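K.L.:
Test case, fold it:
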Amino acid sequence: MARSADVVADVVIFGGGIAGLWLLDRLRADGYSVVLLEADRLGAGQSVASQGIIHGGAKYTLGFGFDGAVRELREMPSVWRASLEGRSGPDLGKARLLSQRTHLWIPSQLGGGLIGAFSRLIMRSRVRALPRSEWPEALQLGQRRGAVYALDEVVVDAPSVLSALESAHPDCIRRIPQGVSPVFEGGRARLGDLTIEAQRFVFAAGGGNEELLAQAGMGDWPHRRRPLHQLMLGGVQEPLYAHCVGKNPKPLATVTTHPTASGEGVWYVGGLMAEDGVGQSGEALIEHARTRLPTLFPAVDFQSARWATFRVDRAEGIQPSERHLGGPIFAEKDPFLAIWPTKLALAPALAKRVRQRFGEQGLKPSTGDLGALQNWERPVVARPPWEEATWID
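P.N.:
Sure, this is the predicted structure:
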């Protein structure tokens, strides 16, 4: 590799979400010289807006829709646990684990024959039916009927994961100056007055991949955005990490609970409610939720809740050979690689695929020179949606 550029690296990663940061960690462990460049704040957009659920694929194997990633998802909770415990992979020992498991909640009035079907299927998956004594407080219904299952899905605090990954590599993560966009010329990228030379350029920027793909001559690669309108509730006393399901193939509502800077717990609600809310204003979604959530979670007192909403786009590449989006996806055109994990949980699987691909291509580590980037600022971790929200009573 020629050494005439201002910066020389084996791999340049654009995008500081969890996928890009996880890949950075693993490539550096392989001995590569790597720099990660972020145009905004780390995790801004999809990563920091994640509910933090490390899916194990159970809800798909139990009949809630086909997903091409089920096989890879099955191993993700154990992979993440190993990192959270500092045993292997990126050291996430400083990240916050919110819950060791999630629950699958079937209210009897919504589930119909699902409870019986689950009883027949639980032996085939990592799912355990819970006696009422082990139900979360938010699902305790006295004499009312329903069923609760424990899923092998840990829940992480996404901002703390981003912080843990960033703190391990402070020397090679930099923020692109405002107003500067990369211009690619073969194996080089020009950013303002600097020229960066690399063996590979990896686009891990979520929605920002669209512009990067166009600049790299890959704008025809199929990709799309799937919007969500998430709901947030403050002032709810009972913490919950659960999928509420009925006869719809998708969870009616997926609830996770997240700590705020003041120590309060905030319910963060996704699932079908967030998908259906895309066409609604924030006010309309909140009014719908005021009526709908008490029917899904009748044991919870919502009278003193505060409400807010948050819109986010899930940016994904499209793999034409897959029937349904699921597994990690990447597009290649030497020296460029665009990656989409499709799910937070699959960041480790995506990094593994990229490392395998580099091995197949014979990409060898070399000595980099990142000195010219040291005057650029280090990006900060984005604040989660509940810290930026405008709340209403």
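K.L.:
so where do the helices sit in this structure?
P.N.:
18-29, 58-61, 70-84, 108-111, 114-121, 158-167, 209-215, 272-276, 282-296, 347-360, 385-388 (DSSP state H).
K.L.:
what's the closest of those helices to Phe336?
P.N.:
Checking the helices of the chain against Phe336 by C-beta to C-beta gives helix 209-215 as the closest, at 8.1 Å. Every residue, glycine included, has its C-beta placed from N, CA and C.
K.L.:
Off-centre distance for that closest one?
P.N.:
Per C-alpha atoms, centre = their mean, to the nearest Å, the displacement of helix 209-215 from the mean C-alpha position of its chain is 21 Å.
K.L.:
what do you get for stretch 331-345?
P.N.:
15 Å.
K.L.:
mind listing what's buried in that stretch?
P.N.:
Neighbour counts over stretch 331-345 (16 or more other C-beta atoms under 10 Å) mark Ala331, Pro335, Phe336, Leu337, Ala338, Ile339, Trp340, Pro341, Thr342, Lys343, Leu344, Ala345 as buried.
K.L.:
Give the burial count for Phe203, as a bare number.
P.N.:
With neighbours defined by other C-beta atoms under 10 Å, the count for Phe203 comes to 28.
K.L.:
Need the residue closest to the centroid of this structure.
P.N.:
Leu344 (2.8 Å; C-alpha atoms, centre = their mean).
K.L.:
picking up where we left off before, take the helices of the chain and lay them out in TSV including mean pLDDT.
P.N.:
TSV is the format used below for the helices of the chain (pLDDT from 0 to 100):
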stretch	mean pLDDT
helix 18-29	98
helix 58-61	62
helix 70-84	89
helix 108-111	62
helix 114-121	58
helix 158-167	98
helix 209-215	93
helix 272-276	95
helix 282-296	95
helix 347-360	96
helix 385-388	96
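K.L.:
Can I get those in a markdown table including mean neighbour count?
P.N.:
Converted to a markdown table, the helices of the chain look like this (neighbours: other C-beta atoms under 10 Å):
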| stretch | mean neighbour count |
| --- | --- |
| helix 18-29 | 25 |
| helix 58-61 | 23 |
| helix 70-84 | 19 |
| helix 108-111 | 16 |
| helix 114-121 | 15 |
| helix 158-167 | 23 |
| helix 209-215 | 19 |
| helix 272-276 | 19 |
| helix 282-296 | 16 |
| helix 347-360 | 19 |
| helix 385-388 | 16 |
